[in-house]
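>>> just to be clear, the model below is a prediction. Sequence and coordinates:
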Amino acid sequence: MSKPNILVIQADQLTAKVLPMYGGSAHAIPNMNRLAERGVTFLNAYCNNPVCAPSRAAMLTGRLSSAVAAYDNAGDFPSSTLTLAHYLRHQGYRTCLSGKMHFAGADQLHGFEERVTTDIYPSDFGWTADWTQTRQPYAPSRMSLRSIVEAGLCERNMQIDYDEEVAYKAEQWLHDHVRSSDKRPFMLWASFTHPHNPFITTKKFWDLYEHEKIDLPRVPFIPIADRDPWSQRYAYTIRVDEHDISEEQLRIARHAYYAMTSYFDAQVGRLLEVLDRTGTTQNTYVFIVSDHGEMLGERGSWFKFQPFEGSVRIPMIVAGPGLKQGHTEERGVSLMDLLPTFNDLVSDGNPVAPIDPLDGVSFADMLHGTDTTRGDDVMMEFLGEGVFAPACILRQDGFKYVHCRHDPPMMFDLNNDPDELHNLAGQPDHAARQAKLHGEVMKRWNYDELEQTILASQQRRLFAQEALLQGRWTAWDYQPVDDATRRYVRGAIDPSTTATKARLRYPFVAEVPPHHPRDPRADLGVTPACDGR
């Protein structure tokens with residue numbers, strides 16, 4: 001069998017906690033259910049930074065976002081920084097990105113050979129965090145609770161516009177690939193923006209759920225004054241003081257979010273159908289992931305940017321050749337593990353040695369049910385708006401420890417306190433574990449140096465953005481290439497209309513030779529007919 005293909009289907013802001021395989025209530029997801037039955041569901045999968053661009057940078061590089069200077073939603077990283085797309089291309093793969101990846105900076109490919117859509121978010125430095133602004137919560141992306149108080153139904157919106165294009169372009173790319181003369185294995189990354197706020201959906205998906213049965217948060221509203229300092233700052237960062245959220249508005253927002261999750265599942269189904277119809281399912285690994293989670297009203301909080309499970313825990317479902325079917329895995333994994341895992345899956349037992357040291361660890365053996373040595377250890381961090389110093393997070397053996405210089409530490413026993421209501425940091429009975437986890441954080445992060453490096457990066461990028469806005473603005477946003485001179489019937493491609501159309505038929509049908517071959521030298525003696533038009 002040829003090398004396996006890889007199809008990654010990525011959601012944006014999809015928390016694991018709402019999906020039924022994780023105990024959630026968003027039940028109308030037949031396609032993700034189908035994949036879970038065929039493969040492996042990781043019950044404790046995490047992003048490595050609960051915000052879009054840094055999370056994706058860590059995911060693509062197999063390294064912490066701090067290691068590649070992708071600190072916040074305007075953090076660029078150099079073109080020489082290697083991604084999983086580079087490694088797969090090195091091993092002979094055709095790589096394509098359809099959809100969002102939130103690259104900031106001039107390089108909008110970062111190793112991908114092809115990109116068939118633009119991004120939904122800006123590529124400049126405008127969303128740079130600024131830790132020097134401490135008197136008022138600084139939020140360059142200006143998120144607010146309008147996403148909740150205005151939640152509900154629509155006929156069409158920007159997110160649907162975008163994701164319809166992402167799905168169509170991915171479908172078309174898969175069809176084009178199997179019809180092309182390029183026989184390399186492929187890695188296609190289809191990255192959608194659902195179910196990111198605002199929480200707006202169409203009646204088709206809204207009606208999959210009964211409004212009266214939409215569950216409310218497990219942890220009800222916690223007054224801001226009673227929250228930990230990080231959560232207090234974050235609440236004002238997203239301007240919670242602007243709106244009061246009624247129980248009905250809360251239910252509407254959650255209803256819409258579930259419906260948007262089902263919309264994402266429908267796009268998963270579209271791509272799985274193309275695999276089935278083109279005969280590529282049996283040799284394709286399919287990964288379902290999200291870049292981070294969503295608090296969805298738990299504790300009275302929304303969106304991401306926080307260390308709690310709703311914000312950092314993501315779905316990760318993998319199906320493909322030879323996997324242990326219907327298996328669930330409880331040990332912690334993260335998005336950083338994708339690069340080394342892909343490297344193992346495509347290498348025929350001889351993976352390429354990484355050029356840079358990786359923070360991620362392959363879970364390829366876990367997919368086949370043969371790994372008995374891996375522990376439960378996940379590193380996370382948050383380096384953007386809402387904190388004023390690096391927040392370093394370590395999950396180990398079911399405990400989560402959170403360290404941020406300006407804030408008191410937090411430690412939770414996730415097995416016995418999954419809602420993270422009881423901070424064990426500072427309690428004598430847990431002092432030994434806290435000391436152990438704190439020591440691990442200090443060993444893994446060069447904390448003081450990282451803080452100073454981030455502050456310098458922020459000021460550099462803020463200055464650059466201000467300067468680049470003066471005079472003529474040159475955008476870095478990706479412009480998809482659509483060369484009409486190479487599509488459909490064109491003389492440069494094939495002078496024969498019939499041959500061109502036959503070449504793009506799938507499955508391919510070989511040319512039927514003429515039953516009565518003509519002598520090209522013969523004078524057929526055809527007399528022009530009268531013009532009967």
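Looks like it came in fine.
>>> from now on I want contacts and neighbour counts done on CA atoms only, so please keep to that.
OK.
>>> check what contacts stretch 338-352 and list those residues.
Applying C-alpha atoms under 8 Å, 6 or more residues apart in numbering, the contact partners of stretch 338-352 are 3-4, 59-62, 83-84, 87-88, 91, 360-364.
>>> do you have the helices of the chain handy? List them.
Per DSSP state H, the chain carries helices over the ranges 30-38, 52-61, 84-90, 146-149, 158-179, 203-206, 229-237, 247-277, 309-312, 338-345, 364-367, 431-444, 447-468, 497-503.
>>> output those helices in JSON lines, with mean pLDDT appended to each entry.
Shown next, in JSON lines, are the helices of the chain (pLDDT from 0 to 100):
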{"stretch": "helix 30-38", "mean pLDDT": "98"}
{"stretch": "helix 52-61", "mean pLDDT": "98"}
{"stretch": "helix 84-90", "mean pLDDT": "97"}
{"stretch": "helix 146-149", "mean pLDDT": "94"}
{"stretch": "helix 158-179", "mean pLDDT": "97"}
{"stretch": "helix 203-206", "mean pLDDT": "98"}
{"stretch": "helix 229-237", "mean pLDDT": "94"}
{"stretch": "helix 247-277", "mean pLDDT": "98"}
{"stretch": "helix 309-312", "mean pLDDT": "98"}
{"stretch": "helix 338-345", "mean pLDDT": "97"}
{"stretch": "helix 364-367", "mean pLDDT": "95"}
{"stretch": "helix 431-444", "mean pLDDT": "98"}
{"stretch": "helix 447-468", "mean pLDDT": "97"}
{"stretch": "helix 497-503", "mean pLDDT": "78"}
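>>> where's the residue nearest to Arg405 when sequence neighbours are not counted relative to Pro409, distance?
Nearest non-adjacent residue to Arg405, counting by C-alpha to C-alpha, 6 or more residues apart in numbering: Ala389, 6.2 Å away. Note on Ala389: its distance to Pro409, by C-alpha to C-alpha, to the nearest Å, is 13 Å.
>>> looking at the two, which one has more neighbours?
Neighbours were counted for Ala389 and for Pro409 using other C-alpha atoms under 10 Å; Ala389 has more, 23 against 18.
>>> can you pull the contacts of Asp182?
Listed by C-alpha under 8 Å, 6+ apart, Asp182 has no contact partners.
>>> any idea how far Arg490 is from it?
In this view, Asp182 and Arg490 are 20 Å apart by C-alpha to C-alpha.
>>> same question, Asp377
Distance from Asp377 to Arg490, by C-alpha to C-alpha: 56 Å.
>>> can you check Thr193 too?
In this view, Thr193 and Arg490 are 35 Å apart by C-alpha to C-alpha.
>>> again, but for Val441
Val441 sits at a distance of 60 Å from Arg490 (criterion: C-alpha to C-alpha).
>>> more neighbours, these two?
Higher neighbour count among Val441 and Arg490: Val441, with 19 against 14, using other C-alpha under 10 Å.
>>> wait, the more buried one touches Gln396, no?
No. Here Val441 lies out of contact with Gln396, judged by C-alpha atoms under 8 Å, at a distance of 11.1 Å.
>>> mind putting the helices of the chain into CSV with distance to Ile120?
Formatted as CSV, those follow (distance: least, C-alpha to C-alpha, whole Å):
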stretch, distance to Ile120
helix 30-38, 24
helix 52-61, 12
helix 84-90, 21
helix 146-149, 17
helix 158-179, 7
helix 203-206, 22
helix 229-237, 22
helix 247-277, 16
helix 309-312, 21
helix 338-345, 24
helix 364-367, 32
helix 431-444, 34
helix 447-468, 19
helix 497-503, 34
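>>> closest one to Glu511 among these?
With C-alpha to C-alpha as the criterion, Glu511 lies closest to helix 497-503 of the helices of the chain, at 8.1 Å.
>>> so what does the closest one touch, helix or strand wise?
Taking 3 or more C-alpha pairs under 8 Å, 6 or more residues apart in numbering; DSSP states H and E as contact, there are no helices or strands that helix 497-503 lies on.
>>> output it as CSV, restricted to C-alpha atoms.
Backbone C-alpha positions of helix 497-503 (Å, rounded to 0.1, in the frame of the first residue of the first chain) are rendered in CSV as follows:
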residue,chain,number,x,y,z
THR,A,497,-12.2,19.8,-26.2
THR,A,498,-13.2,16.1,-26.0
ALA,A,499,-9.8,15.0,-24.6
THR,A,500,-9.8,17.8,-22.0
LYS,A,501,-13.2,16.8,-20.7
ALA,A,502,-12.2,13.1,-20.7
ARG,A,503,-9.1,13.8,-18.7
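>>> any idea how far it is from the chain center?
38 Å (C-alpha atoms, centre = their mean, to the nearest Å).
>>> of the contacts of stretch 338-352, just say which sits nearest to Asn49.
For these, the closest approach to Asn49 (C-alpha to C-alpha) belongs to Met59, at 9.6 Å.
>>> and for the closest one, the neighbour number?
Met59: 25 surrounding residues under other C-alpha under 10 Å.
>>> wait, isn't it in contact with Leu358?
No. Taking contacts as C-alpha under 8 Å, Met59 lies outside contact range of Leu358: 11.1 Å.
>>> show the contacting residues for Leu35.
Taking C-alpha under 8 Å, 6+ apart, one finds 317-319 in contact with Leu35.
>>> minimum distance to Ser98: which of the helices of the chain has it?
Of all those, helix 158-179 sits nearest to Ser98, with 5.6 Å by C-alpha to C-alpha.
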